[in-house]
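S.K.: structure of the sequence below:
(2 chains)
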Number of protein chains: 2
Amino acid sequence: MKKPLKLIVIGGVAAGTKSASKARRDDPDMEITIVTEEPYISYAGCGLAYYIGNVVDKREKLFARSPEAFKTKQNITVLTRHFADRINTYDRTVQVTDLSKGSKLTLHYDRVLIATGAKAIIPPIGGINLEGVFPLHTVTDADNIKSYLSGHTVRKACIIGGGYIGIEMAENFKALGIHATVFEKAGTIMPLLFDPDISTVCSDHIREKGVELLTGVTVENIVGDPDGKVRAVSAGGKEYDCELVIIAAGVKPNVKLARDARITIGPTGAIKVDKRMETSVRGIFAAGDCVEMTHLVSGKPCWFPLGSTANKQGRVAGANIAGGNKNYPGVLGTSIVKVFDLAVSRTGLNEREAKDNGYNTLSVTVKTPTRAGYYPGGKEVTLKLTADKGSKKLLGAQVVGTDTVDKIIDTVAAALMGNLSITDLTNIDISYSPPYSTAMGTIIVAAGVLEEKLT
Amino acid sequence: MKKPLKLIVIGGVAAGTKSASKARRDDPDMEITIVTEEPYISYAGCGLAYYIGNVVDKREKLFARSPEAFKTKQNITVLTRHFADRINTYDRTVQVTDLSKGSKLTLHYDRVLIATGAKAIIPPIGGINLEGVFPLHTVTDADNIKSYLSGHTVRKACIIGGGYIGIEMAENFKALGIHATVFEKAGTIMPLLFDPDISTVCSDHIREKGVELLTGVTVENIVGDPDGKVRAVSAGGKEYDCELVIIAAGVKPNVKLARDARITIGPTGAIKVDKRMETSVRGIFAAGDCVEMTHLVSGKPCWFPLGSTANKQGRVAGANIAGGNKNYPGVLGTSIVKVFDLAVSRTGLNEREAKDNGYNTLSVTVKTPTRAGYYPGGKEVTLKLTADKGSKKLLGAQVVGTDTVDKIIDTVAAALMGNLSITDLTNIDISYSPPYSTAMGTIIVAAGVLEEKLT
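M.R.: Numbering: from 1, shown residues only, chains lettered A, B, ... in the order given. The predicted structure is shown next:
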């Protein structure tokens, strides 16, 4: 009988648990251990802002599965509060510290899955360690923020960073009756995701909702009171009073463990993997927010840390760890964010990214109803479609509106994956009935305008 | 200077008006005349059931543009209440009867666009001509029904046919407080569109809403009272009392004019056109419900009369009439119907169609939440995905639920158009954030299950 393989999974959120579960399904005999420094596992990293805003009403809803359930239902051992210090690729061991006991242990492996995720970027400004200043990346961060909110009177909160976590937090603070001020150093919010014309629609909406939104403003300092509690944020030469600060200045891949093991790091700063999700060291796989991926439009390495991607990569990695041969092709940079009553979403390359990639772009923006004009309840949705002038290749889409945003983006995402042309899009057979769409549909209208301009 | 081309468009709903407008845009000099037997033009054929149900609150909302506006804004002459009797391809004329005056006229043409649409199938049963019995295909039909409803006490209505018009009418009668009985001779409703397992979800829902739904039952006769008014429908040996009957037994392509002009009719009974929407007679184009199309999955001729398709074909035909060179590739058989609180939709081949086309099918059906489990407001949606066992080719999808149905179908439609494989679908980068989807998304979950079963 073959000796069962030993798999060590390092990281217990999306990619880690998904790959462990998939490896178990495909190889019932494998000895699987998940190591995580956190006290819990398998949690919804994308739901934390909504948990703070009480939209998610119960903390336990954030957890898909307990460590005990992994053991009893899937025979997967979970070591919580265990930190993986080092992967020794010579003798195929992982050095682990038991954070509860302070003791060390050595785990032998045949396969490793690195799912160390990303970590919050803490900007190099004063006052970061004041009481009332929090990053928001883990359940522990969210717990700390909720506990602070219940123990202190917080009337005003400052949010450093106008990316999607910052914007989600602004909405959730408003839901709690807390005045929110958002500081974004770029000229527009979510500058890495959306072109200025699209993100401006969101900024206007956020301001209408009563959020103080400051763009093109750099935070200089967080100001404390004599007790060491946050009192204000100093930015652009002014002080903004607040009782709480959220650091939402972005995330970066957590690759120290991989780098120390001499695993190749890609140009994006995340772990380089092949299509099978294997790193440069045979037998060591990586998945989730710590790996870089191929952009399916540009063909270049990119980094989009998202729970959806982590799950898909985890499935591929888990299958391959169990002896399978699955490929993960890459991403389209698809994202969606709720911005109060709006959804804003993108797929493919936005105009700036397309230009950075050397394309000679042509974009059109159309605003259409989401239902037949005569059918009640229709909203308006704005779609910006970007193509390459020379090849007429579809490059990407950005959508903002109150309805059908995700539908439009998912459809364009599938079109990008299938290399559909703009002309193909003008004739695509999507669903139509008055309660769901106009007769042509937003995508076809935009593609038609773009096609005319390209010819 | 070149002599301007003369275009005669026969039919004034979706394909006719769209192609006239497109031809005008691409050729400002063309002399364009639209001939229609109806008293109006450019109306929303897909909104008629909702107009009867008062969901569409004003009759004028059904009309996109008046004959006068076509003249003043686009210099397109519209001859309403004019019936095109004959196309004479020898001398390039169309013989027209002015239905108001009873007079004849002869119009010369360089190009013709046949957009004669479809017509209601009237089943060969007794009582069809009784007062209170109506087809529902044109605005005139809808006007007649509304006028009858306001002039008579209608407590019970019978609907002959459980296709999508029949189902939409059942919902709209309920909205008006009228008891509805639907008779469908097949074993399930919408039998041409959906597999029994999917349509049964709809039947159950319709019955829960209080509609009397009889499947596998053939209507024998419509029964009148001594005054010649409808009194009941006789079906399966029983009589069902009613004061109004809707004939919703389907439609067929209206091709008499084309057939008489020796234009080739395809195997589906609709007009055969090439990719440019030109018929077998040079200079005569056709578009909309009167033409047959290519199914992009099976590659075979098919006939799906829909307003969305008519608009797209009209655009292609209009461009080519004006000297362009656009292609219309075909359809995926995409449809969506509102069924009370549910939407039910399909794209590609359903299981029965796939088997009829010689595929060795494998289908999976998954039921998933439409949002992250912890985010409030999520619903459940059911997706049936069908593939070919041998080639692992994606063949089609059917979806039923209260939310995200159109999103899922449009995404699969784009995937089908791009020839994505089941494996591609398992890794598709669609939009995820807790308010809009689960981390994997319904399509990826279904594709994952299907992929496992195929390997």
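S.K.: burial count for A:Tyr40?
M.R.: 18 (other CB atoms under 10 Å in any protein chain shown). Every C-beta, even on glycine, is put in place using the N, C-alpha and C of the backbone.
S.K.: ditto for the one 10 residues further on
M.R.: A count of neighbours around A:Tyr50, defined by other CB under 10 Å, yields 27.
S.K.: chain neighbours aside, what residue packs nearest to it?
M.R.: A:Val56 (4.9 Å; CB to CB, 6 or more residues apart in numbering or on different chains).
S.K.: did I read that right, that neighbour in a helix?
M.R.: No: using DSSP: H, G, I helix; E, B strand; the rest coil, the assignment for A:Val56 is coil, not a helix.
S.K.: list the contacts for it?
M.R.: Contacts for A:Val56 (CB atoms under 8 Å, 6 or more residues apart in numbering or on different chains) come out as A:47, A:50, A:62, B:374-376.
S.K.: neighbour-wise, which of those residues leads?
M.R.: Per-residue neighbour counts (other CB under 10 Å) across the contacts of A:Val56 peak at A:Tyr50, which has 27 neighbours.
S.K.: gap between the helix or strand containing it and the chain center?
M.R.: Element membership for A:Tyr50, per DSSP states H and E: helix A:48-52. Distance of helix A:48-52 from its chain centroid, counting by CA atoms, centre = their mean, to the nearest Å, is 15 Å.
S.K.: show residues contacting stretch A:59-69.
M.R.: A:17, A:40-44, A:47-48, A:51, A:56, A:73, A:78, A:80, A:139, A:143, B:373-374.
S.K.: give me the buried subset of these.
M.R.: Buried members of the contacts of stretch A:59-69, counted by 16 or more other CB atoms under 10 Å in any protein chain shown: A:17, A:40-44, A:47-48, A:51, A:56, A:78, A:80, A:139, B:374.
S.K.: and those, which two are furthest apart?
M.R.: Farthest-apart pair in these is A:Val56 and A:Val78; separation 23.0 Å (CB to CB).
S.K.: could you dump the buried ones among the contacts of stretch A:59-69 into CSV with distance to B:Pro226 and secondary structure added?
M.R.: Converted to CSV, the buried ones among the contacts of stretch A:59-69 look like this (distance: CB to CB, whole Å; DSSP: H, G, I helix; E, B strand; the rest coil):
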residue, distance to B:Pro226, secondary structure
A:Thr17, 75, helix
A:Tyr40, 79, coil
A:Ile41, 78, coil
A:Ser42, 74, coil
A:Tyr43, 74, strand
A:Ala44, 70, coil
A:Gly47, 68, helix
A:Leu48, 74, helix
A:Tyr51, 71, helix
A:Val56, 67, coil
A:Val78, 81, strand
A:Thr80, 84, coil
A:Val139, 77, helix
B:Tyr374, 65, coil
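S.K.: of these, which is the nearest to B:Gly132?
M.R.: B:Tyr374 (53.4 Å).
S.K.: angles on the backbone of that closest one, please.
M.R.: Taking degrees, to the nearest 10, you get phi -80, psi -10 for the backbone angles of B:Tyr374.
S.K.: so how far is B:Arg371 from the residue lying closest to it once chain neighbours are set aside?
M.R.: Distances taken as CB to CB, 6+ apart put A:Lys61 closest to B:Tyr374, at 3.7 Å, once the chain neighbours are dropped. Distance of A:Lys61 to B:Arg371, given as CB to CB, to the nearest Å: 12 Å.
S.K.: next up, the contacts around the most centrally placed residue in chain A.
M.R.: Chain A has A:Leu306 as the residue nearest its centroid, 3.0 Å off, counting by CA atoms, centre = their mean. The neighbours of A:Leu306, taking CB under 8 Å, 6+ apart as the test, are A:46, A:289, A:335, B:432.
S.K.: correct me, but the third one touches B:Ser431?
M.R.: Yes: contact criterion CB atoms under 8 Å: A:Ser335 and B:Ser431 qualify, at 6.9 Å.
S.K.: those two - which one has more neighbours?
M.R.: Shown here are A:Ser335 and B:Ser431; by other CB under 10 Å, B:Ser431 has more neighbours (29 against 24).
S.K.: which secondary structure state is assigned to the residue in the stretch 1-150 of chain A positioned nearest to chain B?
M.R.: Residue of the stretch 1-150 of chain A nearest chain B, by CB to the nearest CB: A:Lys61 (3.7 Å). The local conformation at A:Lys61, judged by three-state DSSP, is helix.
S.K.: tell me how many other residues crowd it.
M.R.: 16.
S.K.: ok, A:Leu7 - contacts?
M.R.: Here A:Leu7 is in contact with A:20, A:23, A:30-33, A:109-113, A:321 (CB under 8 Å, 6+ apart).
S.K.: how near is A:Ala372 to A:Tyr51?
M.R.: 38 Å.
S.K.: likewise A:Gly323?
M.R.: 38 Å.
S.K.: repeat that for A:Pro369.
M.R.: Using CB to CB, A:Pro369 is found at 35 Å from A:Tyr51.
S.K.: could you dump the contacts of A:Val56 into CSV and include pLDDT and distance to B:Gly177?
M.R.: Formatted as CSV, these follow (pLDDT from 0 to 100; distance: CB to CB, whole Å):
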residue, pLDDT, distance to B:Gly177
A:Gly47, 94, 43
A:Tyr50, 97, 41
A:Leu62, 94, 46
B:Tyr374, 94, 40
B:Tyr375, 96, 37
B:Pro376, 95, 33
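S.K.: and these, which two are furthest apart?
M.R.: Longest span within the contacts of A:Val56, CB to CB: A:Leu62 and B:Pro376, 13.4 Å.
S.K.: neighbours of A:Thr402, just the number please.
M.R.: 14.
S.K.: on that earlier part again, if I look at the residue nearest to A:Tyr50, how far off is A:Ser203?
M.R.: 26 Å.
S.K.: okay, now whatever residue of the stretch 151-300 of chain A ends up closest to chain B: neighbour count?
M.R.: Here the stretch 151-300 of chain A gets closest to chain B at one residue, A:Leu296, 7.4 Å apart by CB to the nearest CB. By the criterion of other CB under 10 Å, A:Leu296 has 21 neighbours.
S.K.: do A:Pro124 as well
M.R.: Number of residues near A:Pro124 (other CB under 10 Å) recorded here: 6.
S.K.: helix, strand or coil for it?
M.R.: What three-state DSSP gives for A:Pro124 is coil.
S.K.: can you tell me what sits against the helix holding A:Tyr50?
M.R.: Residues from elsewhere that reach helix A:48-52 (CB under 8 Å, 6+ apart): A:56, A:59, A:62, A:136-139, A:141-142, A:145-146, A:149, A:165, A:168-169, A:171-172, A:176, B:374-375, B:434.
S.K.: which of the residues you listed fall in helices?
M.R.: When DSSP state H defines the helices, the subset of the contacts of helix A:48-52 inside them is A:139, A:141-142, A:145-146, A:149, A:165, A:168-169, A:171-172.
S.K.: and the two most separated of those residues?
M.R.: So, the ones in helices among the contacts of helix A:48-52 by CB to CB: farthest apart are A:Val139 and A:Glu171, at 19.7 Å.
S.K.: pLDDT of the strand or helix carrying A:Asn221, averaged?
M.R.: Using DSSP H and E, A:Asn221 sits in strand A:219-224. Strand A:219-224 comes out with an average pLDDT of 98.
S.K.: list the buried residues in it.
M.R.: A:219-220, A:222-224.
S.K.: let me have these in CSV, adding distance to chain B as columns.
M.R.: Converted to CSV, the buried residues of strand A:219-224 look like this (distance: CB to the nearest CB, whole Å):
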residue, distance to chain B
A:Val219, 26
A:Glu220, 32
A:Ile222, 29
A:Val223, 33
A:Gly224, 34
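S.K.: tabulate those (TSV), appending distance to B:Ile159.
M.R.: Putting these into TSV (distance: CB to CB, whole Å) gives the following:
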residue	distance to B:Ile159
A:Val219	65
A:Glu220	71
A:Ile222	68
A:Val223	71
A:Gly224	73
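S.K.: would you map the helices across chain A?
M.R.: Here chain A has its helices, by DSSP H, at A:14-26, A:48-52, A:67-74, A:139-151, A:164-175, A:196-208, A:256-260, A:307-321, A:351-356, A:405-417, A:422-426, A:442-454.
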